[in-house]
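> here is a sequence with its predicted model. Questions after.
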Amino acid sequence: MSSFFNPELALDALTTLSLGLIVTVLLTIACGVTSLILGIFVALARMSRFWPLRLVVNGYVQLMRSTPLLIQLIYIYFALPFIGIKLDPFLAAYVGLSLHVSAYLAEVYRGGIEAVPKGQTDAAAALGMRPSVIMAKVVLPQAIRIVIPSLGNYMVSLFKDTSLAAVITVQELLFRGQIFAARTYDYFTIYTLVFAMYFAVGYPAIRLVMYVERRLKRGYAAKLPKKPADTRELVIGQEPK
Amino acid sequence: MIEVRAISKSFGDNKVLTDISMTIEDGEVVGIIGPSGSGKSTLLRSINFLEPPDTGDILINGELAYRDAARRELSKSNIALTRSRVGMVFQHFYLFPHMTVLENVCSGPRFVSKVAKTEYEERANALLDRVGLAEKRHQYPEQLSGGQQQRVAIARSLAMEPAAMLFDEPTSALDPELVGEVLSVMRKLVDDGMTMAIVTHEMGFVRQVADRVIFMDEGRIVEEGTPDEIFNNPQHERTRAFLSAILSHTERTEPAPEPHPTEVISSLPIVLP
């Protein structure tokens, strides 16, 4: 039994672990896209004027936030079949993670919506926009921009949390590592490799979030080219300054 | 024509508007003046229901726009429709920061009136030309000075082709040297015969352009009349006190041996396009 890193074994394991990483990334993308969208609707529902909806959605958010994700996944996969809801492992993980992350993102979105100055709503209302239009065209675009760095961090967390799906036998990176390690008894090599593979995806993702955050700080005009296309027209309208 | 009938409004125990009635005729320019906290802005915001009055009615062009909040007879879409017919300009501009200047000006017709794109863009470009900012159309509000932003905000309101315009201290947030460019745009509107209500501390401007001046204090209309009547011959003690306070403030800046630089700038004649 080797206690040091075994390159040959690592090479052997690479195929199955790569497949695991693909499952991990697919699960992250599926749950990420779902909860980025679902989170907005949960946030809006929590601010609804229709109180029964508010009550139900509030209950859901509090339930998700006050219990461990691991238990939620286990419950969906192992307990729900007893009341007739049988999901295969990937689907169970997808549902569990999405519900969990959506609840957190809803809070993030709500914070963003509340951070948009009241004057924006006033100005839009004064033009005659209806409340739904004000939300969709004026408030949400600004709110989402405010929360993009937070959303990015939650997406990185989601990527890491998909490893919990190993417990419900999803064939993702950690699960495949566990199987391989148990077969060869070389825990050091396999888990070092698993570690490195999470890092290889997670670190660039973190850097990307940091980059986006820096860029957003530069303001709305930053995405424009430095020279506006129609500088020629400057002659026509004279500035008083 | 805007008709305000006996509106009152309280924030908790604080009565901000008490039994206000007033009329703004078509093409009339009404200046609303008064000390801070006198309810001028709340009155203006009540007219398009941003601050729904507790009691009283508001009629626009003879149609009931908002009725007594207690009776709640008007639907949300009615309120939106009425707002679209009355433009409003705010102290802090409130341009939409995520839209370019052109998109800001287009936002009303685009999201409210369902006009064809070519039509509203043409209108928006014409309006930007009119406020002297055509060359800024692809920039974002954050790239503009306060005065430019306020001119865009005026164009944005005008894009809805409103029957009347409400100005809520449109120059109060501006550096002194930028006030003139906004006032000159407003003066053009006056010359075009726009119906306007202007809440402002720019007494000189009100004196020049207003057909009628309303002086408010503690949530009530204390006095109203022509600029000449209000400024030269105020009937009420409170009006006199307010005007003399403002006057003594402006006089003080002149004989001072070394005026502050900003006061020098604000007293310079501003050349406008």
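Yep, it's here.
> any weak-confidence spans in chain A?
Counting by pLDDT under 70, the ranges of chain A that qualify are A:1-3, A:223-241.
> which residue ranges form the helices in it?
Applying DSSP state H to chain A gives helices spanning A:7-46, A:51-66, A:69-74, A:89-115, A:118-126, A:131-133, A:140-161, A:173-184, A:187-217.
> ok, and what's touching the second one?
So that's helix A:51-66. Outside helix A:51-66, the residues that touch it by CB atoms under 8 Å, 6 or more residues apart in numbering or on different chains are A:42, A:45-48, A:72, A:99-100, A:102-104, A:106-107. In this view, the C-beta of every residue, glycine as well, is placed from N, C-alpha and C.
> most centrally placed residue in the chain?
Reading this off chain A. residue A:155 (3.1 Å; CA atoms, centre = their mean).
> not what I meant, chain B
Central residue of chain B (CA atoms, centre = their mean): residue B:167, 0.5 Å from the mean position.
> part of a strand, is that residue?
Yes. Counting by DSSP: H, G, I helix; E, B strand; the rest coil, residue B:167 is located in a strand.
> ok, and the closest non-adjacent residue to it?
Nearest non-adjacent residue to residue B:167, counting by CB to CB, 6 or more residues apart in numbering or on different chains: residue B:198, 4.4 Å away.
> and the one you found, how many neighbours does it have?
Using other CB atoms under 10 Å in any protein chain shown as the criterion, residue B:198 is surrounded by 27 other residues.
> how about the contacts made by residue B:215?
B:33-34, B:221-224, B:230, B:234, B:236, B:238-239, B:242.
> take those and keep only those in helices.
Counting by DSSP H, the contacts of residue B:215 place B:230, B:238-239, B:242 in helices.
> quick check: the residue of the stretch 1-150 of chain B nearest chain A.
Going by CB to the nearest CB, chain A is nearest to residue B:84 of the stretch 1-150 of chain B, at 2.6 Å.
> after the host helix or strand of that residue comes which helix or strand?
Under the criterion of DSSP states H and E, residue B:84 resides in helix B:76-85. Sequence-wise, the next helix or strand downstream of helix B:76-85 (DSSP H and E) is strand B:86-89.
> pairing partners for that following strand, with directions?
Note on strand B:86-89: by DSSP bridges, its sheet partners are strand B:164-168 (parallel).
> mean confidence score for the partner strand?
Averaged across strand B:164-168, pLDDT comes to 96.
> what's that strand in contact with?
Counting by CB under 8 Å, 6+ apart, B:2, B:24, B:41, B:44-45, B:47-48, B:60, B:85-91, B:154, B:157-158, B:186, B:189, B:194-200 sit against strand B:164-168.
> CA atoms of it as PDB?
The C-alpha trace of strand B:164-168 is given here as PDB (Å, rounded to 0.1, in the frame of the first residue of the first chain):
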ATOM      1  CA  ALA B 164     -49.000  69.400 -18.800                       C
ATOM      2  CA  MET B 165     -45.600  69.300 -17.100                       C
ATOM      3  CA  LEU B 166     -44.800  69.200 -13.400                       C
ATOM      4  CA  PHE B 167     -41.400  70.400 -12.200                       C
ATOM      5  CA  ASP B 168     -40.400  69.500  -8.700                       C
END
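> next structured bit after it?
Where DSSP H and E defines the elements, the next helix or strand beyond strand B:164-168 is helix B:176-191.
> what's the angle from that next one to strand B:164-168?
Angle, helix B:176-191 to strand B:164-168, by axes from the mean of the first three to the mean of the last three CA atoms, to 10 degrees: 160 degrees.
> paired strands for the helix or strand just after helix B:176-191, with orientation please.
Moving toward the C-terminus from helix B:176-191, the next helix or strand (DSSP H and E) is strand B:195-199. Paired neighbours of strand B:195-199 in the sheet (DSSP bridges): strand B:29-33 (parallel), strand B:164-168 (parallel).
> so which of the ones you listed is nearest residue A:174?
strand B:164-168 (59.5 Å; CB to CB).
> of the contacts of residue B:215, closest to residue B:179?
Ranked by distance to residue B:179 (CB to CB), the contacts of residue B:215 are led by residue B:33 at 16.1 Å.
> where does the residue lying closest to that closest one once chain neighbours are set aside land on pLDDT?
Counting by CB to CB, 6+ apart, residue B:33 lies nearest to residue B:215, which is 5.6 Å off, once chain neighbours are set aside. Among the per-residue scores, residue B:215 shows a pLDDT of 95.
> distance of the residue of chain A found nearest chain B from residue A:21?
Across chain A, no residue is closer to chain B than residue A:128, which sits at 2.6 Å (CB to the nearest CB). Noted for residue A:128: a distance of 52 Å to residue A:21, by CB to CB, to the nearest Å.
> who has more neighbours, these two?
Using other CB under 10 Å as the criterion, residue A:128 and residue A:21 rank with residue A:128 on top: 25 against 19.
> the more buried one contacts residue B:81, correct?
Yes. Counting by CB atoms under 8 Å, residue A:128 touches residue B:81, with 6.5 Å between them.
> skipping adjacent residues, who's closest to residue 40 in space?
All of this is about chain A. Using CB to CB, 6+ apart, the nearest residue to residue A:40 is residue A:109, at 5.5 Å.
> let's do chain B instead
Excluding the flanking residues, the one nearest residue B:40 by CB to CB, 6+ apart is residue B:199, at 4.4 Å.
> OK, contacts around the one you found?
Going by CB under 8 Å, 6+ apart, residue B:199 touches B:32-33, B:40-41, B:43-44, B:167-169.
> rerun that using 7 Å as the cut-off
Residue B:199 makes contact with B:32, B:40-41, B:44, B:167-169 under the criterion CB atoms under 7 Å, 6 or more residues apart in numbering or on different chains.
> what does chain B have sitting close to chain A?
B:48, B:50, B:76-77, B:80-81, B:83-84, B:88, B:90, B:92, B:94, B:96-98, B:107-108, B:111-112, B:132-135, B:138-140, B:142-143, B:160, B:181, B:270-273 (CB under 7 Å from any CB of the partner chain).
> so which of these sit within helices?
Residues of these located in helices (DSSP H): B:76-77, B:80-81, B:83-84, B:107-108, B:181.
> before we move on, the earlier item: could you pull up phi and psi at the residue of chain A closest to chain B?
Phi and psi for residue A:128, reported as degrees, to the nearest 10, are phi 100, psi 10.
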